[in-house]
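In: after the sequence you'll find the predicted model.
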Amino acid sequence: MNKNNFKIKLSFVKGLNKIVVKEVKEKTSYKILEQGVDFVYLNFDKNFGKLFVLKSIGSVSIVLNDLLYNPAYLSKHKSILKEVIDEIINKKIDKFSTFKVSCAGLDSPEVKSISKYIGDEFKLKENVEADLKINIAKVNDLWEVSVQATRRPLSFRSYKIVNMSGAMDPTIAYALNEYCNVKKKKTYLNAFSGSATLLIEAGLSSQDLETLVGFDNDKSHLTLAYQNIKQAGLIRRIKLLEHDIYEQPKIGKFDVIVADLPFGMVISKNEDLEKMYTAFVNFAENSLEEKGVLGVYTNEYRLFKEVLDLSKWKIIEEVDLKLPTNVNSYLYPKIFVCKKI
Ligand SMILES: C[S@@+](CC[C@H](N)C(=O)[O-])C[C@H]1O[C@@H](n2cnc3c(N)ncnc32)[C@H](O)[C@@H]1O
C-alpha cells in the first residue's frame, strides 16, 4: 500500500471548525484537504507529532478511506491495519499497552479476528479504556480506518492537576479566547473563574496580556484554580480574587471580559439564573472598556440573550456547539461575542 493514501484527521468539538482551521493555518504548514463541523483532513506527513501543539483540537488520527475497507474486507487484508498502526507505534511518541476497536458488529467473527490479530501482532491487551484507539466506520460513502495518534486526547492538559466538576473543556476555552482576539489585548478578566481554565488558556496563548484577573465566590474553587495556575507556571501573571457577582465588585476596566456562566447541572443548581445573569451583564457594562469585547460560554443561551439589553450590546458572533456529556447524551451550548453599542 502506498502511504500517499494516508491522511491525517483532526477531530474537535462540533462547531469549533473556524478556530481549528485558523490555528492549523497559523501554526502549521499542513494542507487542509477537507473540512467538516467536527473534523478536518490534512495531507499526511510522517512528522505529524508537530500537530500536537494545536490547542483547539481533541485528537489527531491517521486514516485511510476506501470504498472497500469494511470489516469483512479488512479481516482478510490485515496488512492494511498493520500499516496504519505501525505508523503510530513506530513513532514511539507514546507507549501503548492496551487497544480497543470501535466498529459496528463487534461480536461478528470478522471483527473478532481483527481484534485477535491486533492483540497478537502488536502484543497489546484488549481493553475498554484503551491506549490505542482504532475506529472502523462509514464516513459519507467511504469506509474509514482511523487510529488515534496519542493515548490521551489532546484536550487533556497537563496543568489540570485537579479536575473540577463542571470545568470547561480547554479546547472550548481556547476557542472563546480566540473569538475575543486575546492576542491583541492587554487586560483580561474572567468572571466565575472556577478552576481557571479560561485564564490559563489565555495566559499560555498570549504573552502580551499584561493583566489577567479571575474571580469566583467559592473558596474551594479558588484553591483548585490556584493549584492549576501554579502547575501551568502562570502564578506571577494571574491574579485570583474572591468576589460574588451580586456585590458588583469594582476591579477596574478591561479590554476583554469572559465567562463560562454557571447553569444548573453541576453548579448553581438552585440559583435564580435570570437574576445572576442580569447581575453579570450589569457588571460587564461597568467593567468593560468602551471598545472592549465580552465573551460568554453558556448552555442557557436563551436566558442569556433575554437579559442582554440589545440597546446597549450587539452580538457579533454566535457559535453553536455540540458536545457529549458523560451520560450518553449531548449538550448544545453556545459561544457569544458581544460589544457595546
Ligand atoms: C461553570 S463554573 C466555571 C468553570 C470554569 N470555567 C472552569 O473551567 O473551571 C461557574 C463558576 O461560577 C462560580 N459562581 C457561582 N455563583 C457565583 C456568584 N454568585 N459569584 C461569583 N461566582 C459564582 C462557581 O463557584 C463556579 O466556579
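Out: Received the coordinates, thanks. Residues are numbered from 1 along each chain as shown.

In: and stretch 249-269, what's buried?
Out: 249, 251, 254-263, 267 (16 or more other Cβ atoms under 10 Å). The C-beta positions use only the backbone N, C-alpha and C, and glycine is treated the same way.

In: for the ligand, what is the nearest residue in the stretch 101-250 of the chain?
Out: Nearest residue of the stretch 101-250 of the chain to the ligand, counting by Cβ to the nearest ligand atom: residue 194, 2.6 Å away.

In: in a helix, that residue, correct?
Out: No: checked against DSSP: H, G, I helix; E, B strand; the rest coil, residue 194 lies outside a helix; its state is coil.

In: one step back: redo the buried residues of stretch 249-269 as JSON lines? Include distance to residue 89 and pLDDT.
Out: Output for these, formatted as JSON lines (distance: Cβ to Cβ, whole Å; pLDDT from 0 to 100):
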{"residue": "249", "distance to residue 89": "53", "pLDDT": "98"}
{"residue": "251", "distance to residue 89": "51", "pLDDT": "97"}
{"residue": "254", "distance to residue 89": "47", "pLDDT": "98"}
{"residue": "255", "distance to residue 89": "46", "pLDDT": "98"}
{"residue": "256", "distance to residue 89": "43", "pLDDT": "98"}
{"residue": "257", "distance to residue 89": "46", "pLDDT": "98"}
{"residue": "258", "distance to residue 89": "40", "pLDDT": "98"}
{"residue": "259", "distance to residue 89": "43", "pLDDT": "98"}
{"residue": "260", "distance to residue 89": "38", "pLDDT": "98"}
{"residue": "261", "distance to residue 89": "43", "pLDDT": "96"}
{"residue": "262", "distance to residue 89": "43", "pLDDT": "93"}
{"residue": "263", "distance to residue 89": "42", "pLDDT": "84"}
{"residue": "267", "distance to residue 89": "41", "pLDDT": "53"}
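
In: from those, pick the one nearest residue 57.
Out: residue 260 (19.6 Å; Cβ to Cβ).

In: quick test: name the residue nearest the centre of the chain.
Out: residue 171 (2.5 Å; Cα atoms, centre = their mean).

In: may I have the secondary structure class of it?
Out: helix.

In: which residues touch the closest residue to it other than its chain neighbours?
Out: In this structure, residue 171 finds its nearest non-sequential neighbour in residue 155, 4.7 Å apart by Cβ to Cβ, 6 or more residues apart in numbering. By Cβ atoms under 8 Å, 6 or more residues apart in numbering, the residues touching residue 155 are 57, 58, 59, 169, 170, 171.

In: and if you look at residue 72?
Out: residue 110.

In: likewise residue 334?
Out: 297, 298, 301, 318, 319, 320, 321.

In: change it to 6 Å
Out: With contacts defined as Cβ atoms under 6 Å, 6 or more residues apart in numbering, residue 334 is in contact with 301, 320.

In: picking up where we left off before, just put the contacts of residue 155 in JSON lines and tack on distance to the ligand and pLDDT.
Out: As requested, those are arranged in JSON lines below (distance: Cβ to the nearest ligand atom, whole Å; pLDDT from 0 to 100):
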{"residue": "57", "distance to the ligand": "18", "pLDDT": "98"}
{"residue": "58", "distance to the ligand": "16", "pLDDT": "97"}
{"residue": "59", "distance to the ligand": "20", "pLDDT": "97"}
{"residue": "169", "distance to the ligand": "8", "pLDDT": "96"}
{"residue": "170", "distance to the ligand": "8", "pLDDT": "98"}
{"residue": "171", "distance to the ligand": "12", "pLDDT": "98"}
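
In: need the buried ones from those selected in ChimeraX.
Out: In ChimeraX syntax, the buried subset of the contacts of residue 155 is picked out as below (16+ other Cβ under 10 Å):
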select :57,58,59,169,170,171
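
In: related to what we said a few turns ago, any idea how far the residue of the stretch 101-250 of the chain closest to the ligand is from residue 79?
Out: 49 Å (Cβ to Cβ, to the nearest Å).

In: of those two, which one has the most company?
Out: More neighbours surround residue 194 than the other of residue 194 and residue 79, with 25 against 10 (other Cβ atoms under 10 Å).

In: hang on, that one packs against residue 221?
Out: Yes: Residue 194 lies in contact with residue 221 (Cβ atoms under 6 Å); the separation is 5.2 Å.
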